[in-house]
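> Sharing a model prediction with you, sequence too.
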Amino acid sequence: MRIPKSLGIYWWTTALISFCAVIVFNLFLSSHWQIPFDWTRFVLPLLPLIYVLAVLRSCLPLNHRPGETQMLAHLGMANGITMVRGVLVSVLACFWNWPATIPFSIHQSFAWLPGVIYITAALLDLVDGIVARHTDHVTRLGERLDTLFDALGLLTAVLAGIALNQLPLSYLAVALAYYVFSAGIRVRRRTGRMVIPLRPRPAARLIAGFNMGFLATALLPIYRPPATTIGAMVFMIPLLAGFLRDWLVVSGRIKTGSPQPAPWEEKWRCLFRERLPVVLRAVLLLSSLTALEETAAFFSGNTEGPFYIFGPILRPILLLSVVMVSLGVMGRLAALTILLLSGFWISRQGSDPMWCLLMVAAAALLITGSGNLSLWQPEEKYLGMTAQNTS
């Protein structure tokens with residue numbers, strides 16, 4: 001299929017600007033923080049950029065609206081925003097080989113860059129879809145780039161987090177899961193085996209969103225291991241379990257899609273969405289009693305520094321959140337608050353069994369929701385996790 005000349009010019013322009021942006025950012029890092037020259041630090045970020053440009057070039061024939069075949073002569077603003085995301089992902093790869101002699105600390109200004117870059121890319125992911133619909137420029141190309149850049153952004157950010165000692169090596173499984181899953185589907189199709197289409201699952205999108213949110217937080221210097229390690233383990237398990245479930249579906253080993261959920265699906269849904277949250281709320285309540293006791297003793301004996309100044313504010317917020325979780329009032333929002341506060345405490349004071357238990361329970365409750373015996377769960381509606389949408 002012949003590609004319009006304007007699209008070819010756009011591709012070459014994008015390639016030139018992108019290469020310049022990545023190289024200039026790398027030079028800025030090296031000169032500002034006086035990093036010794038290392039050619040690998042310049043080559044590595046170019047690998048995801050080459051992939052981004054190769055994907056754009058191969059997918060240009062998809063620059064048409066759904067249901068049409070006529071290619072559009074221009075990519076439009078939405079696809080331009082998507083390409084900015086691709087460049088930001090490549091820039092993030094500049095931290096893959098960060099020297100261990102420069103610590104990733106809240107006192108280092110560079111330490112804020114990885115998180116800010118990834119958060120900006122994630123926000124642009126929301127913007128490009130809105131712009132595409134507003135400008136009537138929704139295309140198959142945009143859909144394809146969105147999916148591929150989401151996966152690439154996750155992989156690049158995880159590798160950066162591991163290189164900066166913010167994430168455990170095992171969390172790499174989250175970044176590779178999409179590629180392994182996609183490769184398995186391609187192998188099945190090429191060998192003539194059955195591939196059953198997947199239905200959209202709100203729970204899968206929610207867990208993927210939580211992992212992206214956790215990753216963005218872990219790339220900020222506010223949190224440090226072991227808090228980020230605990231969070232990585234908790235958020236990784238349901239995502240990998242979801243990929244396993246989807247693989248069993250596409251390979252025909254389990255059946256879905258009937259009007260009524262299968263018995264095993266109904267049992268698992270009941271366990272994880274209704275009963276387990278009640279247990280988690282009880283665990284969270286008990287562990288929080290010890291945590292609140294420790295914070296009272298800590299802040300009463302220390303009165304210097306910003307960490308101590310905010311003590312009188314943080315303790316009431318933690319207490320209010322615990323009460324809300326116990327009653328099932330906006331349980332996910334309250335669990336998120338407890339998760340952030342407990343992670344902050346562990347990052348500063350080190351691992352403590354009760355604080356770690358509190359953090360695990362809060363993270364798990366954020367994923368499952370507050371379940372049965374909840375007084376008010378308005379967030380479930382906005383997250384698409386109402387009873388009729390949980391399959």
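Nice, I can see it.

> Helices of the stretch 101-250 of the chain, residue ranges please.
Listed in chain order, the helices found in the stretch 101-250 of the chain under DSSP state H, counting those that start in this stretch are 113-134, 140-163, 172-190, 202-218, 227-250.

> what distance separates the first one from the middle of the whole chain?
The one in question is helix 113-134. With CA atoms, centre = their mean, to the nearest Å as the basis, helix 113-134 stands 13 Å off its chain's centre.

> Just the CA atoms of that helix, as CSV, please.
Extracted in CSV, the C-alpha atoms of helix 113-134 (Å, rounded to 0.1, in the frame of the first residue of the first chain):
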residue,chain,number,x,y,z
LEU,A,113,13.5,13.1,36.9
PRO,A,114,12.6,9.4,36.3
GLY,A,115,9.3,9.6,38.2
VAL,A,116,8.3,13.0,36.6
ILE,A,117,9.1,11.6,33.1
TYR,A,118,7.1,8.5,33.6
ILE,A,119,4.2,10.3,35.2
THR,A,120,4.2,12.8,32.3
ALA,A,121,4.1,10.0,29.7
ALA,A,122,1.2,8.4,31.6
LEU,A,123,-0.8,11.6,31.7
LEU,A,124,-0.2,12.0,27.9
ASP,A,125,-1.7,8.6,27.5
LEU,A,126,-4.9,10.0,28.9
VAL,A,127,-4.7,13.2,26.8
ASP,A,128,-4.1,11.6,23.4
GLY,A,129,-7.4,9.6,23.4
ILE,A,130,-9.4,12.7,24.4
VAL,A,131,-7.7,14.8,21.7
ALA,A,132,-8.3,12.1,19.1
ARG,A,133,-12.0,12.0,19.8
HIS,A,134,-12.3,15.8,20.0
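
> buried sites along that helix?
The neighbour-count check on helix 113-134 (16 or more other CB atoms under 10 Å) flags 113-115, 117-122, 124-125, 128-129, 131-132 as buried. The C-beta positions use only the backbone N, C-alpha and C, and glycine is treated the same way.

> circling back: just the helices of the stretch 101-250 of the chain: most buried one?
Counting by mean count of other CB atoms under 10 Å, helix 140-163 has the highest mean neighbour count of the helices of the stretch 101-250 of the chain, with a mean of 21.

> just to revisit the earlier point, with respect to Leu284, which of the helices of the stretch 101-250 of the chain lies nearest?
helix 227-250 (13.2 Å; CB to CB).

> what angle do whichever helix or strand comes after the closest one and helix 202-218 make?
Following the chain from helix 227-250 toward its C-terminal end, the next helix or strand by DSSP states H and E is helix 263-270. Between the axes of helix 263-270 and helix 202-218, defined by axes from the mean of the first three to the mean of the last three CA atoms, to 10 degrees, the angle is 40 degrees.

> so for helix 263-270, what's the average pLDDT?
On average, the pLDDT along helix 263-270 is 73.

> Just the C-alphas of that helix, formatted as PDB.
What follows is helix 263-270 as a C-alpha-only set of coordinates in PDB (Å, rounded to 0.1, in the frame of the first residue of the first chain):
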ATOM      1  CA  PRO A 263     -19.000 -21.900  38.800                       C
ATOM      2  CA  TRP A 264     -15.200 -21.600  39.400                       C
ATOM      3  CA  GLU A 265     -15.300 -17.900  38.300                       C
ATOM      4  CA  GLU A 266     -18.200 -17.200  40.700                       C
ATOM      5  CA  LYS A 267     -16.300 -18.900  43.600                       C
ATOM      6  CA  TRP A 268     -13.100 -16.900  42.900                       C
ATOM      7  CA  ARG A 269     -15.000 -13.700  42.500                       C
ATOM      8  CA  CYS A 270     -16.900 -14.300  45.800                       C
END
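
> can you give me the angle that helix makes with helix 227-250?
Following the same axes, to 10 degrees, one obtains 160 degrees for the angle between helix 263-270 and helix 227-250.

> Enumerate every residue touching Leu29.
35, 94, 110 (CB atoms under 8 Å, 6 or more residues apart in numbering).

> And this structure, what are its domain boundaries?
Dividing the chain into domains by automatic domain parsing, as the record does, gives the ranges 5-165, 263-389.

> Export these to JSON lines and append columns for distance to Ala216.
Below are the domains of the chain laid out as JSON lines (distance: least, CB to CB, whole Å):
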{"stretch": "domain 5-165", "distance to Ala216": "5"}
{"stretch": "domain 263-389", "distance to Ala216": "12"}
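
> wait, which of those domains is closest to Pro197?
Nearest to Pro197 among the domains of the chain is domain 5-165 (15.2 Å), distances taken as CB to CB.

> Can you check what pLDDT the model gives Tyr382?
Among the per-residue scores, Tyr382 shows a pLDDT of 77.

> same deal with Thr290?
Model confidence at Thr290, expressed as pLDDT, equals 87.

> That one: which element?
Secondary structure (DSSP H and E) places Thr290 in helix 276-301.

> Buried residues in that helix, which are they?
Buried residues in helix 276-301, counted by 16+ other CB under 10 Å: 276-278, 280-281, 283-284, 287-288, 291, 295, 299.

> ok, the buried residues of helix 113-134 vs Asn165, which is closest?
Proximity of the buried residues of helix 113-134 to Asn165, judged by CB to CB, is greatest for Pro114, which lies at 12.1 Å.

> Quick one: residues contacting the nearest residue to the closest one once chain neighbours are set aside.
Nearest in space to Pro114, with sequence neighbours left out and distances taken as CB to CB, 6 or more residues apart in numbering, is Leu219 at 4.3 Å. Contacts of Leu219 were listed using CB under 8 Å, 6+ apart, and they are 114-115, 118, 157, 160-161, 164, 166.

> Same list, those, but as TSV with distance to Val360 and pLDDT please.
Written out in TSV, the entries for those read as follows (distance: CB to CB, whole Å; pLDDT from 0 to 100):
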residue	distance to Val360	pLDDT
Pro114	25	94
Gly115	23	95
Tyr118	24	95
Ala157	23	96
Ala160	25	95
Gly161	20	95
Leu164	23	93
Gln166	18	95
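
> Closest to Pro316 out of those?
For the contacts of Leu219, the nearest to Pro316 is Gly115 (27.4 Å; CB to CB).
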